[in-house]
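Trainee: Fold the following and give me the result.
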Amino acid sequence: MTNKSIIILILLVTVFSCKPKTVKEEASKKAKNVILLIGDGTGLSQISSAFYFKDTMPNYARFKSIGLIKTSSSRQDITDSAAGATAFSSGEKTYNGAVGIADDSTHVKNIIEIISPQNIKTGLISTSSIQHATPASFYAHVINRGMYEDITVDMVTSDVDFFAGGGIKFFNRRKDGKDLLKELSTKGFVIDTNALGNIAEIKEHEKMAYILAENHLEPVAKGRGDYLPKATELGIQFLNKDTDNSSFFLMVEGSQVDWGGHANDADYLISELIDFDDAIGKALDFAEKDGNTLVIVTADHETGGFTLASTQKKTEEGRTYSDYTEITGTFSTNGHSATLIPVFAYGPGAEAFNGIYENTEIFNKIMDATDWLKKN
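Mentor: Below is the predicted model of the structure:
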């Protein structure tokens, strides 16, 4: 064998021996943090509206890993928010209306209960009351989503570190006469019922609660402003403030996209969707700089059977025609639909969210991407 052949052989051995190691190292990287953003009632047409009506490129366009989930609940083809969010928070299918319980009404352990004992920080943000079905499914256990006062008790006893939303009346205007704001304070929460602060003001606090409305917050078109993106950024900063223990899980809900769908109000829906997209931007900005954060964006179900249809117009002769140069949001129902729902993912483990799968797999894929379940 010539010297040239020996050199070529050595190079080939080196290349093939190194490649598997690189693949293994890339595959083994786990996410340190997870931000789950849920656009309640947001299907593909709702997302598409941002590409037509937002003044800037939507943050949805920043994702490369995209999948679809099947959303049926355990007993119904069409899910509600309670069953849908319980699937995300626990990996369990349940019946419509159930919050944090299985189909047989037994409690299921949610992600916050699983990871809090590991000293992983947790937070919840919504534009509804914090007791509403989606956020409640991440900390409460009740047989019916309408049990708001019982859900509030579960919030007080939970291990949540940061939350922002509405629902003051369920803390201090209760049928049992209790003032759960005082009990929340004894749990270490600093409570603000006026407005979001900034990280400099709250970084020394152990736990932080922003409860900014009697029930739900106003729609963005009626004065809510930039609450959702600002709360998302503040929540991330608060949960990530301890350099020695900064792993965290944050759930952010754009609650009122759903309400625009129920009301068959396209302007309401689109304005909420664009606001939610701004919150997505805050999560992605952090994840891109951090490098260890998995961002997932999805929805519990679609609401309204929303369609971006051509605008119907009439000629001078009275003939109706479709104007393909102008879009009008139309609806087929006042309720939810059974359409598959998009899932967008960015960061360590994002590729696992490609494909078509059950909504319960959101929980399982989060656990696989983080190893949080193995540590439990």
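Trainee: where in the chain is pLDDT low?
Mentor: By pLDDT under 70, the weakly predicted segments of the chain are 1-28, 245, 375-376.
Trainee: please redo it, this time with the cut-off set to 50
Mentor: The chain contains residues with pLDDT under 50 at 4, 6-13, 15-16, 19-26.
Trainee: Can you list the residue ranges for strands in it?
Mentor: For the chain, applying DSSP state E gives strands covering 33-39, 65-70, 121-129, 162-166, 189-192, 207-211, 248-254, 293-298, 302-303, 307-314, 320-330, 336-337, 341-346, 355-358.
Trainee: just so I know, which of those lies nearest residue 260?
Mentor: For the strands of the chain, proximity to residue 260 was assessed by CB to CB; strand 302-303 is nearest, at 8.0 Å. Every C-beta, even on glycine, is put in place using the N, C-alpha and C of the backbone.
Trainee: Give me the sheet partners of that closest one and which way each runs.
Mentor: Partners of strand 302-303 in the sheet, by DSSP bridges, are strand 336-337 (antiparallel).
Trainee: neighbouring contacts of the strand it pairs with?
Mentor: 41, 43, 78, 79, 80, 301, 302, 303, 304, 305 (CB atoms under 8 Å, 6 or more residues apart in numbering).
Trainee: Quick one: neighbours of the first one, just the number.
Mentor: If you count neighbours by other CB atoms under 10 Å, residue 41 ends up with 30.
Trainee: ok, now how distant is it from residue 78?
Mentor: Using CB to CB, to the nearest Å, we find residue 41 at a distance of 12 Å from residue 78.
Trainee: Which neighbours do the two have in common?
Mentor: Applying CB under 8 Å, 6+ apart, one finds that residue 41 and residue 78 are jointly contacted by 301, 336.
Trainee: For the strands of the chain, please prepare a markdown table with the additional fields mean neighbour count and distance to residue 88.
Mentor: Shown next, in a markdown table, are those (neighbours: other CB atoms under 10 Å; distance: least, CB to CB, whole Å):
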| stretch | mean neighbour count | distance to residue 88 |
| --- | --- | --- |
| strand 33-39 | 27 | 7 |
| strand 65-70 | 19 | 9 |
| strand 121-129 | 26 | 12 |
| strand 162-166 | 26 | 17 |
| strand 189-192 | 17 | 24 |
| strand 207-211 | 23 | 22 |
| strand 248-254 | 28 | 8 |
| strand 293-298 | 26 | 8 |
| strand 302-303 | 27 | 15 |
| strand 307-314 | 14 | 26 |
| strand 320-330 | 13 | 27 |
| strand 336-337 | 22 | 16 |
| strand 341-346 | 23 | 11 |
| strand 355-358 | 14 | 11 |
